[in-house]
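In: I need the structure of the sequence given here:
(one chain, ligands or ions: 2)
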Amino acid sequence: MASARNVTRFWEWGRKIICVGRNYADHAKELKNAVPTEPVLFLKPPSAYVKEGSPILVPMYSNNLHHEVELGVVIGKGGTAIPRASAMDHVAGYALCLDMTARDIQEECKSKGLPWTLAKAFNTSCPVSEFVPKEKIPDPGNVRIWLKVNDQLRQDGNTSQMIFSVPYLISYISEIITLEEGDLILTGTPKGVSSVQEYDELEAGIEDIVSMTFKVDRQ
Ligand SMILES: O=C([O-])CC(=O)C(=O)O
Ligand SMILES: [Mg+2]
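Out: Ligands and ions are numbered 1, 2, ... in the order given. Model (predicted):
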């Protein structure tokens, strides 16, 4: 039976956002973190979504909001313990995503051994592009993702630099957290993360397949 909802509008579904951290060695190193041997996972709630036309809000409690450009994978077919070999059958498409991070708060959480919720899961912490159909990205393990702040290129990476591939991540995550149609996986950021301020304009893209622009505002 056809789904009543349209997965191309996944951000309206209220499904979960699963994020992978430290999936690019160059980014792990720039923040002086060890390169992981297993994926680092955390979550954002569906209230983190923001679409073009609405601003990214700096949380009141942060003075150092960072951008992290990431390839997002939109799940089309759910599953538990999905084998790596069939993982790509569960992908509906992709989205360009920003994992907005209150870096000062994350550092504090890290030093106190506390979870990253305040640093990663606040309102507007997950700006997303339009849905990109699966056919437009034949190999999610080889696309350029880039981000500019006020026209200056800050991040320019390729998903070929990911430590854990998209099929590996789908398989790994689904062993722990059942994946559902409309879920989004953020696959980690390459190097070049930096601060954004009120009034800044962020422009990001996946090659010339999709791009998006967001303004930054204070809460
Ligand atoms: O906050 C971090 O550095 C971890 C993370 O999300 C990433 O690597 O994309
Ligand atoms: Mg990230």
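In: state the distance from G182 to S54.
Out: From G182 across to S54, the span is 20 Å (C-beta to C-beta, to the nearest Å). C-beta: built from backbone N, CA, C; applies to glycine.
In: the more surrounded of these two?
Out: G182 (23 against 13; other C-beta atoms under 10 Å).
In: list the contacts for E201?
Out: Applying C-beta atoms under 8 Å, 6 or more residues apart in numbering to E201 gives the contacts 149-151, 213-216.
In: top of those residues by neighbour count?
Out: Neighbour max across the contacts of E201 (other C-beta under 10 Å) = F214, 23 neighbours.
In: now do the SS call for that residue.
Out: strand (DSSP: H, G, I helix; E, B strand; the rest coil).
In: doesn't S125 make contact with it?
Out: No. Using C-beta atoms under 8 Å, F214 makes no contact with S125, being 11.9 Å away.
In: which residues touch G76?
Out: Contacts for G76 (C-beta under 8 Å, 6+ apart) come out as 7, 90-93, 134, 181.
In: contacts only, for the residue nearest to K136 when sequence neighbours are not counted.
Out: Leaving aside its chain neighbours, K136 sits nearest to I209 (5.5 Å; criterion: C-beta to C-beta, 6 or more residues apart in numbering). Taking C-beta under 8 Å, 6+ apart, we find I209 in contact with 132, 136-137, 143.
In: hmm, 7 Å instead?
Out: When contacts are counted by C-beta atoms under 7 Å, 6 or more residues apart in numbering, I209 touches 132, 136-137.
In: likewise V69?
Out: When contacts are counted by C-beta under 7 Å, 6+ apart, V69 touches 98, 145-147, 155, 189, 204.
In: got the contacts of E201 as TSV, with distance to E30 and pLDDT columns?
Out: As requested, the contacts of E201 are exported to TSV (distance: C-beta to C-beta, whole Å; pLDDT from 0 to 100):
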residue	distance to E30	pLDDT
V149	16	98
N150	21	98
D151	22	98
T213	25	98
F214	23	98
K215	26	98
V216	21	98
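In: can I get these in a markdown table with distance to ligand 1?
Out: Output for the contacts of E201, formatted as a markdown table (distance: C-beta to the nearest ligand atom, whole Å):
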| residue | distance to ligand 1 |
| --- | --- |
| V149 | 17 |
| N150 | 22 |
| D151 | 24 |
| T213 | 21 |
| F214 | 18 |
| K215 | 22 |
| V216 | 18 |
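In: which among these gets closest to D200?
Out: Closest approach between these and D200, by C-beta to C-beta: V216, at 4.5 Å.
In: can you tell me how far the nearest residue to the closest one once chain neighbours are set aside is from D104?
Out: Closest residue to V216 apart from its sequence neighbours, by C-beta to C-beta, 6+ apart: D200 at 4.5 Å. Distance from D200 to D104, counting by C-beta to C-beta: 17 Å.
In: what residues are bridge-paired with the residue in the chain that ligand 1 sits nearest to?
Out: Nearest to ligand 1, among the residues of the chain, is G21, at 3.1 Å (C-beta to the nearest ligand atom). Note on G21: beta-bridge partners by DSSP bridges are V40.
In: so it touches G188, yeah?
Out: Yes. Between G21 and G188 a contact is recorded at 6.2 Å, counting by C-beta atoms under 7 Å.
In: neighbour count winner among those two?
Out: Remark: of G21 and G188, G188 carries more neighbours, 27 against 23, as counted by other C-beta under 10 Å.
In: thanks a lot, catch you later.
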